[in-house]
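Novice: Quick one: sequence and predicted model below, then my questions.
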Amino acid sequence: MHEKARSHKKGGTALLTAVALLLSLGPSPSGGRPVPAGQAGGPPALYARALPSVGFIYLRDPRDVADRPPRPKACAAVVRGDGVIVTGYRAICRDNSEALYDEIFFELPETGGRGELFRGARRYRLKPALIDKSYDLALLRVERESAEPFDLPPVALADSLGAQLLDELAIIGFAEKGVPSLSIYEGVVEGIDRLENWIRTDARLLRGGAGVAVTAEGKLLGIPAKVIVDSQAVDRDGDGRPDAVRQFGAVAFLRPAHLVASMLNRLGESEARVIQKAAPESLVASSAPPPAQASEAGGLVAVKGMVRSAPDGKSVAGARVGLVAAGSASVTSSTLLAWGGTNPEGRFNMNRRVPPGLYTVRAVALGYEPLTMNLDVDERMPPLVIDLRRAK
């Protein structure tokens, strides 16, 4: 199954938005190379970083017979560990219409120790979370069957705004009709239309472009949205009239990853509004007053600490540590309750005090993997110590 193919707002608001953007993003992880499920071998090591985050979309139509199982349709990628998936909008539409399938599922293959891919035992039911028809993008959310937390492996988003011509990439696509298999096809960036938000590549696509495009480092560069076949009429019998068409290849067009990041931010903001409505009144009030007023209020806690490098315990300067409501899945200017940056000794003091309670902490630093953890804040808590692992 291996084949070769052609290789501003101003002041505090602006600062808050910039910090939220930094915290929401983590350091970033000529030929076709099909990788069927269950077959040893595997893709190049760098591209393989994205494979644990890529799975299959299954669909079932209510008109199907009752015992007919959902059928595989496309590939999609996990972009948030709490169960948010990105794919093409058309991949979940019924019969090329704008009507979505009633039943949408996601299955995430697992990777064996030698690089094998095999069908995962868990299949998740999805529901639409946010759809952008103009860009043919869809965010889907896993429907929770219980309150038990789970953590899917999200793919890192590439800096698609910084993409350059001839940058190497690969498209992870759905290889076989009716058989859930992943194929990787390598290529390069052939063109960039920043006004219309397209990235053009010569990498091969299958199944109508349903898949994901990743950089050589395994970061999500974009979602294939259309394919244009390069073909030419051929006169085989020499009578001056074309009697056949020869295909010289196909050009794929991607919707860049920064559009996905924008949709994730919009989704996070809408979730934050829901969380804020359900949050205790003291927590909602804590984010309203400016830092000077908050620091004077009684019963509030100043969060401080230090950030270290996990391998050697050395201090990490320039890290950003943010505090959001417990369970908040993203960091935006509207969800960020308090934040601090580390000095040359790796120490930080958050810019405002917060009420005692359970929060989620997000820490990022250049060259390190982002860290998310829960923190129980109370007046007797010692300084927070955060150990970051170096990015691979």
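Specialist: Here it is on my side, so go on.
Novice: Look up how far I223 lies from the residue lying closest to R94 once chain neighbours are set aside.
Specialist: The shortest distance from R94 to any non-neighbouring residue, by CB to CB, 6 or more residues apart in numbering, is to Y101 (5.4 Å). Where you see a C-beta, it was placed from the backbone N, CA and C, and this is true even at glycine. Distance check for Y101 against I223: by CB to CB, to the nearest Å, it reads 18 Å.
Novice: hang on, the earlier thing: give me the phi and psi angles of the residue nearest to R94.
Specialist: Dihedral angles of Y101 (phi, psi; degrees, to the nearest 10) stand at phi -60, psi 140.
Novice: re the thing from before, for Y101 and I223, indicate the residue with more neighbours.
Specialist: Remark: of Y101 and I223, I223 carries more neighbours, 28 against 20, as counted by other CB atoms under 10 Å.
Novice: Look up the closest residue to that one, ignoring the ones flanking it.
Specialist: Nearest to I223 is R255, by CB to CB, 6+ apart, at 5.0 Å.
Novice: residue contacts, that neighbour?
Specialist: 135-137, 197-199, 222-225 (CB atoms under 8 Å, 6 or more residues apart in numbering).
Novice: gap between it and P109?
Specialist: For R255 relative to P109 (CB to CB), the value is 24 Å.
Novice: Also P128?
Specialist: 23 Å.
Novice: Among those two, which residue is more densely surrounded?
Specialist: Neighbour count, other CB under 10 Å: between P128 and P109, P109 has more, with 21 against 13.
Novice: roughly how far apart are the more buried one and V84?
Specialist: 18 Å.
Novice: ok, now A156?
Specialist: 14 Å.
Novice: mind listing the strands for the stretch 201-350 of the chain?
Specialist: 211-215, 220-234, 244-256, 304-309, 320-325, 338-341, 347-349 (DSSP state E, counting those that start in this stretch).
Novice: Looking at these, spot the one closest to L267.
Specialist: strand 320-325 (14.4 Å; CB to CB).
Novice: neighbouring strands for that closest one, and are they parallel or not?
Specialist: Counting by DSSP bridges, the strands paired with strand 320-325 are strand 338-341 (antiparallel), strand 357-364 (antiparallel).
Novice: Check the ones you listed for me and report the most buried one.
Specialist: strand 338-341 (a mean of 22; mean count of other CB atoms under 10 Å).
Novice: List every C-alpha atom in that strand, with coordinates, as PDB.
Specialist: Extracted C-alpha coordinates of strand 338-341, given in PDB (Å, rounded to 0.1, in the frame of the first residue of the first chain):
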ATOM      1  CA  ALA A 338      -5.400  36.800  36.500                       C
ATOM      2  CA  TRP A 339      -1.900  36.300  35.100                       C
ATOM      3  CA  GLY A 340       1.700  36.900  35.700                       C
ATOM      4  CA  GLY A 341       5.100  36.700  33.900                       C
END
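Novice: Let's test this: mean pLDDT of it, rounded?
Specialist: Mean pLDDT, computed over strand 338-341, is 86.
Novice: go on, stretch 366-373?
Specialist: pLDDT averaged over stretch 366-373 gives 86.
Novice: and M381, what is it in contact with?
Specialist: V301.
Novice: any idea how far P383 is from D167?
Specialist: Distance from P383 to D167, by CB to CB: 43 Å.
Novice: Looking at the two, which has the bigger crowd around it?
Specialist: Neighbour count, other CB under 10 Å: between P383 and D167, D167 has more, with 18 against 11.
Novice: doesn't T215 make contact with the more buried one?
Specialist: Yes: using CB atoms under 8 Å, D167 is in contact with T215, at 7.0 Å.
Novice: and V142, bridged to which residues?
Specialist: L126.
Novice: Run a quick neighbour tally on it.
Specialist: Around V142 there are 20 residues (other CB under 10 Å).
Novice: State the distance from it to A163.
Specialist: Taking CB to CB, one finds V142 at 29 Å from A163.
Novice: Then L375?
Specialist: Distance from L375 to A163, by CB to CB: 36 Å.
Novice: and the two? which has more neighbours close in?
Specialist: A163 (20 against 16).
Novice: List the residues that contact the more buried one.
Specialist: Contacts of A163 by CB under 8 Å, 6+ apart are 189, 192, 199, 221, 256.
Novice: out of these, which is most surrounded?
Specialist: L221 (28 neighbours).
Novice: wouldn't that one be in contact with T215 here?
Specialist: Yes: with contact defined as CB under 8 Å, L221 reaches T215; the gap is 5.1 Å.
Novice: Need the overlap of contacts for the two.
Specialist: 158, 169.
Novice: can you count the residues close to K127?
Specialist: 11.
Novice: Would you confirm that it contacts L139?
Specialist: No: using CB under 8 Å, K127 makes no contact with L139, being 10.5 Å away.
Novice: So what are the sheet partners of the helix or strand harbouring A74 and their directions?
Specialist: Using DSSP states H and E, the element containing A74 is strand 71-80. Take DSSP bridges as the rule and strand 71-80 pairs in its sheet with strand 54-60 (antiparallel), strand 84-88 (antiparallel).
Novice: looking at these, which is closest to D95?
Specialist: Nearest of the strands paired with strand 71-80 (CB to CB): strand 54-60, 11.0 Å.
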